[in-house]
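Participant: sequence and predicted structure below; questions after.
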Amino acid sequence: MSKSAFSAKVFAVYLFIAGALLATVPNVLLSILFIPQTSEVWIRVIGVIAFMIGIYAWDAAAHEAKSFFVTSVYTRCSVFVAFAVFAALGLGSPTIILFGVADLLGGIWTYFALRADAQSATQASPKQFSGRGHTAASVRHQGIS
């Protein structure tokens with residue numbers, strides 16, 4: 001398993017846990033984060049969506065889907081920016097930034113994992129990758145160098 005795939009699996013586990021908690025017992029997680037409790041269904045909807053994204057991340061990791069890893073770097077860093085803006089505008093509790101920080105750190109980890117994977121690929125012979133459809137050049141072409 002590549003380093004970037006491993007980071008995606010960890011991200012998936014995070015989403016499984018957060019998603020399951022938000023879908024089933026949202027106020028437990030909200031109270032831990034000092035976010036006002038709610039009886040609205042939307043928090044549960046977000047939990048289901050988070051869990052489903054976790055399934056995508058897990059599957060991408062299992063299939064070494066580099067394009068998913070690259071895209072997740074940008075989207076996960078964007079989550080931090082969006083949550084920080086929401087907090088700055090007073091649209092939500094500043095503690096939502098904690099979720100953004102988790103995504104930001106995970107995105108940064110995946111970025112450096114992709115770079116390490118690409119460097120490992122360039123040091124390996126193309127013959128090692130030909131059986132899986134990956135050459136060192138094709139791995140470099142995935143968007144992170």
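Facilitator: Arrived safely.

Participant: next one: the residue nearest the centre of the chain from Gly19, what distance?
Facilitator: The chain has Phe11 as the residue nearest its centroid, 4.7 Å off, counting by CA atoms, centre = their mean. Distance of Phe11 to Gly19, computed by CB to CB, to the nearest Å: 12 Å. Yep, even glycine has a C-beta here, placed from its N, CA and C like the rest.

Participant: what do those two both touch?
Facilitator: Common neighbours of Phe11 and Gly19 (criterion: CB atoms under 8 Å, 6 or more residues apart in numbering): Gly54.

Participant: next one, pLDDT for Phe86 please.
Facilitator: If you check Phe86, the pLDDT there is 95.

Participant: do Thr38 as well
Facilitator: Per-residue confidence at Thr38 stands at 93 (pLDDT).

Participant: give me the number of residues near Ala121?
Facilitator: When neighbours are counted by other CB atoms under 10 Å, Ala121 registers 20.

Participant: so which strand or helix has it?
Facilitator: helix 96-123 (DSSP states H and E).

Participant: mind listing what's buried in that helix?
Facilitator: Neighbour counts over helix 96-123 (16 or more other CB atoms under 10 Å) mark 96-97, 99-100, 102-104, 106-107, 109-111, 113-114, 117-118, 121 as buried.

Participant: counting by contacts, list what the helix or strand containing Ala5 packs against.
Facilitator: Assigned by DSSP H and E, Ala5 falls within helix 3-24. If contacts are counted by 3 or more CB pairs under 8 Å, 6 or more residues apart in numbering; DSSP states H and E, helix 3-24 sits against helix 26-32, helix 42-62, helix 66-88, helix 96-123.
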